[in-house]
Every structure is written in structure tokens, then in C-alpha cells.
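K.L.:
Below are the sequence and a predicted model for it; my questions follow.
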Amino acid sequence: MSTYRKIHGRSIQAVTTDPTESVAEGQVWYNTTSDTFKSVVSLEAFSSSSSMGTGRYAAMWAGEGTQNATLSCSGRTGAPALVTNTEEYNGSGWTVGGAVNNAENAAAGFGTQTAAVRAGGYPGSGPTNSNESEEYDGSSWTTGNNINPQRQGHAGAGILTAGVIFGGNDGTILNKTEEYDGTNFSNVNNMNTARENMSGTGTQTAALAAGGANPGPTVKNSTESYNGTNWTTLSNINTARRGLGGFGDASNSVITGGSPYTTATETWDGTSWTTSSATLATARTFFGNCGAGSSTAGVVAGGMIATGVVAITEEYNKSSNVFTAAAFASMGAMGTSRYGHSAAGDKDAAVVVSGRPPGPSPTTNVEEYNGSSWSEVTNVPSGKFYSGNGFGTQTASIFASGFGSPPEGALTTVESYDGTNWTDAPSVNTAKFTSCPAGTQTAGLIAGGNPGTNTSEEWDGSSWTEGNNLTESFNDLTGAGTQTAAIAMGGASPGTFAVTDTELYDGTNWTNGPTMSQGRRRACGAGTQTDALVLAGLIPGPAATTKVEGFDGTSFSTRPSLGTSRYYGYGFSATSGNAYIAGGLTSPGAPNDTSAAEEFTDVTETVNVKTLTQS
């Protein structure tokens, strides 16, 4: 009789707990605790990711990019608004790239994040489509040679030095194909079925076209492949559609979404299409005739829903692991609503101190969070607000300076907290509030702040020492990191309501850092100098925002948004994955302080374990 050992060359392992990682798909084990046989199986699923900075549809994609490195550029934010901006995706969020020279929608694209081509499109007015092309080198776009004919709604595949575009509309629906050799476009053999707004994936010598429309809104279900010379008609897709997204290659590909508005997803194995169990969370269309990635790890973003344009990003994974997207979630409301308070700790052990509730005077109320609920603890001896200058842990923290009840103004007072009791600590040298805080109870830092100062001070656990100044004076800023590796983010400066500036500190000097994509002040910071978050804040308008950006040590990119817009809301965390934000004002104008608090959970990946049963 055959046994598992004879078939697979090994026996079934007995374990008391299921493995959490590094398990091959199909591997079987016996769990002695549950008295069951188990295995790991593959699954397909979409998960949400950080939204684009600018929602758009009919954009161009670098289709040969990966799930962790692609771009989307130009497109339309709504009628008739065309945009020139480029956004690059790094697997966590979107960051601003170089602007295209000509704003167009429904252009074709191909290539990678650092070597891409966009060709044709519709410039937004008149009956004439574009015949222009541009190349991207990872930072800027350069005008290239023209396509022939001018067209929109076509698709593309390949790389910068070997690309192909096909189909589209130049006033009539086209079947025309052009190849690109890195310099020039040349006409080659036509497609079998003329169409526009189809999906295009693959390479110049192995491209795949699926779906589309001809004429007008009449959707197609046809599929064709291109081998570098001729087009071949293949099996139809199961759900006819146009404006769909796609990623993969001619042998293994995925299509999703499209019009009529659908969440349906199909996979291609080189022979036929299969309807997938994975569906988009949001039905949408006109991603830009593309997405990016492989048939096991892809991404689509933007597009149109029935009510308008979206910035939504969704990642597709076919894996034996389950991916849970990064997100903010409610951590329950504080007992006292407030804004302009101080905070320390992290999402599992937080403390918020003082701040301003409804009324003219600050509260002395202090609350701690234990991972599930808030509770009041020992009050701070004196209240202050507009501070934000807290750092450390729930049981070992410093709360520096701030703003006292009128007519006190900016303060120099400092309090130390041990998780139970409060102790007066030596005062800072310069009275300030809404500064950049960083560090621990024995090695801290505050820099900048109101009233318009560029001073920084270091705390060694017993006294404050003047450090070198910021390169510019900012108030209403925030920060993250340690005393020897800090980042100051945003704020306001003379003549600028909310800056995008950042500065980096190495323990001695401040230097200018990369800019954020959104100017903001009175925001909340968390994390380290190379893995930081900046949450919420007041943006030009003025308006409170839910938007969050992350810094990876090189550049800022979008992160999942908060559920509640706010500014003067504060939290803290020594790591970005444990960040939280509590309280704040939800909009400018009349007092509208909130008690709501939110915590961040980074993306997680767990093994998809299944119990084996007889049937």
C-alpha cells in the first residue's frame, strides 16, 4: 500500500502548534493539540493599499513594473481636468515623480518605473488626439518621436527599448499596431479585431490584448496575442468589458474591473480564462488599460466609480500566505475630548496629557491606554495646551514646555512621568510650543515651534542643553526619531501657511531633508528617522486632513488614511508600526474637539493553514 512517505519521500511531522512561516504549499503535518491533519494551500485575493495622492482615471501605467515599483502618470481627475503629475508606487504608498510635459488622458504606456514610455492620448479639447511620445528616466520626462497615427484609448506592452502599442481611436476604432525600438515607432501588422480601451500586458514579442470596445460603449470579450510579427485570436474572456486593468504576461495574466462597473477578475494560463475567486473591493473602470506586476503579485489604482474619480489602490496576490493590508482602526474614545495635548508611549501602552477641552483653560486630566481601553490616572500638576512636546514611554516620559492659561503664554516648564507620579523637571531654556519632539526620557530633543523659533534643545535625563539650530524657523511642526537621529516635519514659516519641508538631525547638525507631498502643520509624528509617519494636520484651505505620509529614509509616500480628519491631535511611538493619534480638532472654526483615537497596524503576512477533512 502506498503511504505518504513513499509518495513524498518523508513522513508527516507531528507538531503542537501550526507553523507561521516558511511552509511549502501542499506540505502536510499533524497537529497533536487539535488532533487534525493540516496543510498550506494557495489562495487569490485583493487587499487595499495606500491611496494615490491624486485620484485619476485613464492614466498611463508602466506595465512592466512590479507590484513594488511602478508608476502612473497624467490622466484625468474629472471633466475637464487633466493632470501632468506622475506618481511612483513602492509597494507601501505613492510618492511624487516628475511631471509629464503634456497633460493627456487615455495614453498608452509601457516600461518600468525608471525607464518608461507614454504615447498618444487625448489632450482634453477638440477632435484631435495626440501623436506625441515621452520617455521617463525615473525623475523626468523627455519628448520623444511621434506615433502614427495619433490615437487615444490604445494599449501598450514591453520595455523602453522594445515596446508595442495597439488599437485605440483616431476618430475611428483602430486595429493598427506600432513597435518602438527605443527611438522610433514603426507600423507593423494589424490586430485581428479593432478595439479601444482594452487591457495590454506582456512584451513586444509576447503581448496580450483582452476586452475593449467597438463601437463606442459596445464591450468586447475577444483576446489576441502578438508574437512580434502576427496577431493570433485566442479564447474569449468570460466577462466582456472595457476600461479594465491587467498585469502579467502573455502566458500568465490577470484582468480585473472594467465597464460595465464590475469587480470581476479573471486569470489566463496561456490557453483559457478562468473566473477568479478574487474580486476587487470597489467596482471601477478606466484604470488606464493597465496595472503592473506579475500574475501572482499585481497592483491597480485609481479609475472611475459610478459617482466619480477615485484614488483607491488594491494589490492582487496569489500565494500560500494571507495578506492583511496596513490600516488605521479605532482604539476607542478617550474619556475627555481635547486638542493640543502631549502624548507618549505607543498604541498598546499610550498616555495623553493635559490639552484643551471645550472652554478657555487647559485640563490637567491624564489618560492611559492599555491596548483595549482608556482610563484616567493621576492628573498632571498644571495644565497646558498647544504642546505636542511629549516623548518616551507610558511609564517613562517627558512633557516639555507648552502654552499656559492666558495670560501665561509660552512656557518653559517640564514634567517627568513614571507611570504613576509626576515630578517637576528642569525647565527648557527657550519657551516654546508645538515643537518637534523626539527621543526618550533620558535622551530627548525638542526643536523649533512657536513663537517662530529655530532653536533646538537636548535633554540628558537631568538638564537641557542648547543644540544647533534648525536651518529655518518653523512653528506648528512635528517630529519623530531619537536624540541622535531625528526628523522634523512640516509646520508653518513666514509667508507659508503649511510647508512641505523636513529637516534631519544627526545629533549635532540639522540638514534639509526630502519634502512631503502635502504641506501640513499641527500634525502628529511617529517612528524613526528612516521609518517615520506624519499623520493628519491642518492643510491649506484651511482644512483638517485624514491623509498620512510615510518616510522610508529616502522619500515620502502615501499611507492608509485616518478615519477622522483632525489637527492638533497627538500621539507618539518609537516605531511607525505602533503609531497612534488621539484627540484634536476636526475642522477649523468653532470648537469641535474630539475624543476619538486611532491606531496603526502595518501590513501583515500569515500562512494560510487549512484543516484536512474527509469527504
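P.N.:
Yes, it's here. Numbering: from 1, shown residues only.
K.L.:
Pull out the buried positions in stretch 118-126.
P.N.:
In terms of neighbour count (16 or more other C-beta atoms under 10 Å), stretch 118-126 has its buried residues at Arg118, Ala119, Gly120, Gly121, Tyr122, Pro123. Any C-beta I mention is one placed from the backbone N, CA and C, and that applies to glycine too.
K.L.:
Could you export those as JSON lines, including pLDDT?
P.N.:
What follows is the buried residues of stretch 118-126, written out as JSON lines (pLDDT from 0 to 100):
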{"residue": "Arg118", "pLDDT": "97"}
{"residue": "Ala119", "pLDDT": "97"}
{"residue": "Gly120", "pLDDT": "97"}
{"residue": "Gly121", "pLDDT": "96"}
{"residue": "Tyr122", "pLDDT": "95"}
{"residue": "Pro123", "pLDDT": "92"}
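K.L.:
Just the ones of those in strands?
P.N.:
Among the buried residues of stretch 118-126, the members falling in strands are Arg118, Ala119 (criterion: DSSP state E).
K.L.:
Low-confidence regions, the stretch 351-500 of the chain specifically.
P.N.:
Within the stretch 351-500 of the chain, no stretch has pLDDT under 70.
K.L.:
at 90 what do you get?
P.N.:
Filtered on pLDDT under 90, the stretch 351-500 of the chain yields the residue ranges 358-361, 386-388, 405-409.
K.L.:
ranges for the strands of it?
P.N.:
366-369, 374-376, 390-393, 396-404, 409-417, 422-425, 436-440, 443-449, 453-459, 464-467, 478-481, 486-489 (DSSP state E, counting those that start in this stretch).
K.L.:
Can you name the residues in contact with stretch 509-516?
P.N.:
447, 456, 468-471, 487-490, 500-504, 534, 549, 551, 554-556 (C-beta atoms under 8 Å, 6 or more residues apart in numbering).
K.L.:
What are the buried residues along that stretch?
P.N.:
Those would be Trp510, Gly513, Pro514, Thr515, Met516, for stretch 509-516 by 16+ other C-beta under 10 Å.
K.L.:
Pick out the most distant pair among these.
P.N.:
Greatest spatial distance in those: Trp510 and Met516, 16.6 Å, computed using C-beta to C-beta.
K.L.:
distance of Ala250 from Thr267?
P.N.:
Ala250 sits 13 Å away from Thr267 when distances are taken as C-beta to C-beta, to the nearest Å.
K.L.:
ok, Ala396 - how many residues close by?
P.N.:
Neighbour count for Ala396, taken as other C-beta atoms under 10 Å: 15.
K.L.:
got the contact list for the nearest residue to it once chain neighbours are set aside?
P.N.:
Closest residue to Ala396 apart from its sequence neighbours, by C-beta to C-beta, 6 or more residues apart in numbering: Gln441 at 4.2 Å. Contact analysis of Gln441 by C-beta under 8 Å, 6+ apart lists Phe391, Gly392, Thr393, Ala396, Ser397, Ile398, Ser416, Gly461.
K.L.:
Is the first one in contact with Gly444, as I believe?
P.N.:
Yes - in this structure Phe391 lies within contact range of Gly444 using C-beta atoms under 8 Å: 5.1 Å.
K.L.:
now for the strands of the stretch 351-500 of the chain, which one comes closest to Glu598?
P.N.:
Going by C-beta to C-beta, the one of the strands of the stretch 351-500 of the chain nearest Glu598 is strand 366-369, 11.5 Å.
K.L.:
who does that closest one pair up with?
P.N.:
strand 349-353 (antiparallel), strand 374-376 (antiparallel) (DSSP bridges).
K.L.:
Show me which residues of the shortest one are buried.
P.N.:
Within strand 374-376, the residues that qualify as buried are Trp374, counting by 16+ other C-beta under 10 Å.
K.L.:
about what we covered before: quick check: the two most widely separated of the contacts of Gln441?
P.N.:
Thr393 and Gly461 (13.9 Å).
K.L.:
Of the two, give the one with the bigger neighbour count.
P.N.:
Using other C-beta under 10 Å, the more surrounded residue of Thr393 and Gly461 is Thr393, with 19 against 12.
K.L.:
what residues are up against the closest residue to that one other than its chain neighbours?
P.N.:
Leaving aside its chain neighbours, Thr393 sits nearest to Gly345 (5.4 Å; criterion: C-beta to C-beta, 6+ apart). Each residue near Gly345 by C-beta under 8 Å, 6+ apart is listed here: Val351, Glu368, Tyr369, Gly392, Thr393, Gln394, Ser397, Phe572, Ser573.
K.L.:
measure Gly345 to Gly527 for me?
P.N.:
As judged by C-beta to C-beta, Gly345 and Gly527 stand 14 Å apart.
K.L.:
Can you pull the residues that touch both of those two?
P.N.:
Shared contacts of Gly345 and Gly527, counting by C-beta under 8 Å, 6+ apart, come down to Ser573.
K.L.:
Which helix or strand lies directly C-terminal to the lowest-mean-pLDDT helix or strand in the chain?
P.N.:
Least confident helix or strand of the chain, by mean pLDDT, DSSP states H and E, is helix 4-8 with a mean of 50. The first helix or strand that comes after helix 4-8 along the chain, using DSSP states H and E, is strand 13-15.
K.L.:
Next up, phi/psi of Leu612, please.
P.N.:
Main-chain torsions, Leu612, degrees, to the nearest 10: phi -90, psi 130.
K.L.:
Apart from its chain neighbours, what residue comes closest to it?
P.N.:
Nearest in space to Leu612, with sequence neighbours left out and distances taken as C-beta to C-beta, 6+ apart, is Phe37 at 4.4 Å.
K.L.:
mind giving me the domain split of this protein?
P.N.:
4-40, 45-325, 328-601 (automatic domain parsing).
K.L.:
Please tabulate those domains in JSON lines, including the columns distance to Val609.
P.N.:
Conversion of the domains of the chain to JSON lines gives the following (distance: least, C-beta to C-beta, whole Å):
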{"stretch": "domain 4-40", "distance to Val609": "5"}
{"stretch": "domain 45-325", "distance to Val609": "9"}
{"stretch": "domain 328-601", "distance to Val609": "21"}
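K.L.:
out of the ones you listed, which comes closest to Thr611?
P.N.:
Of all the domains of the chain, domain 4-40 sits nearest to Thr611, with 5.0 Å by C-beta to C-beta.
K.L.:
can you tell me how far Thr271 sits from Ala250?
P.N.:
Counting by C-beta to C-beta, the gap from Thr271 to Ala250 is 12 Å.
K.L.:
Looking at those two, which is more packed in?
P.N.:
The neighbour count for Thr271 versus Ala250, taken as other C-beta under 10 Å, is higher for Ala250 (20 against 8).
K.L.:
now stretch 397-408, how far from the centre of its chain.
P.N.:
35 Å (C-alpha atoms, centre = their mean, to the nearest Å).
K.L.:
Kindly format the C-alpha coordinates of that stretch as CSV.
P.N.:
Extracted in CSV, the C-alpha atoms of stretch 397-408 (Å, rounded to 0.1, in the frame of the first residue of the first chain):
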residue,chain,number,x,y,z
SER,A,397,8.2,60.1,29.7
ILE,A,398,8.9,63.8,29.5
PHE,A,399,6.4,66.6,28.7
ALA,A,400,8.2,69.8,27.9
SER,A,401,7.0,73.4,27.6
GLY,A,402,3.7,74.2,26.0
PHE,A,403,1.2,77.1,26.4
GLY,A,404,-0.4,78.0,29.6
SER,A,405,-3.8,79.6,30.5
PRO,A,406,-3.9,83.2,29.4
PRO,A,407,-2.0,85.4,30.1
GLU,A,408,0.8,82.9,30.7
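K.L.:
quick one, strands of the stretch 101-250 of the chain?
P.N.:
For the stretch 101-250 of the chain, strands defined by DSSP E, counting those that start in this stretch occupy the ranges 108-112, 115-119, 133-136, 141-143, 155-159, 162-166, 177-180, 185-188, 199-203, 206-210, 223-226, 231-234, 245-248.
K.L.:
JSON lines please, covering those strands and showing distance to Ser51.
P.N.:
Shown next, in JSON lines, are those (distance: least, C-beta to C-beta, whole Å):
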{"stretch": "strand 108-112", "distance to Ser51": "21"}
{"stretch": "strand 115-119", "distance to Ser51": "22"}
{"stretch": "strand 133-136", "distance to Ser51": "22"}
{"stretch": "strand 141-143", "distance to Ser51": "23"}
{"stretch": "strand 155-159", "distance to Ser51": "25"}
{"stretch": "strand 162-166", "distance to Ser51": "29"}
{"stretch": "strand 177-180", "distance to Ser51": "32"}
{"stretch": "strand 185-188", "distance to Ser51": "34"}
{"stretch": "strand 199-203", "distance to Ser51": "22"}
{"stretch": "strand 206-210", "distance to Ser51": "26"}
{"stretch": "strand 223-226", "distance to Ser51": "31"}
{"stretch": "strand 231-234", "distance to Ser51": "35"}
{"stretch": "strand 245-248", "distance to Ser51": "16"}
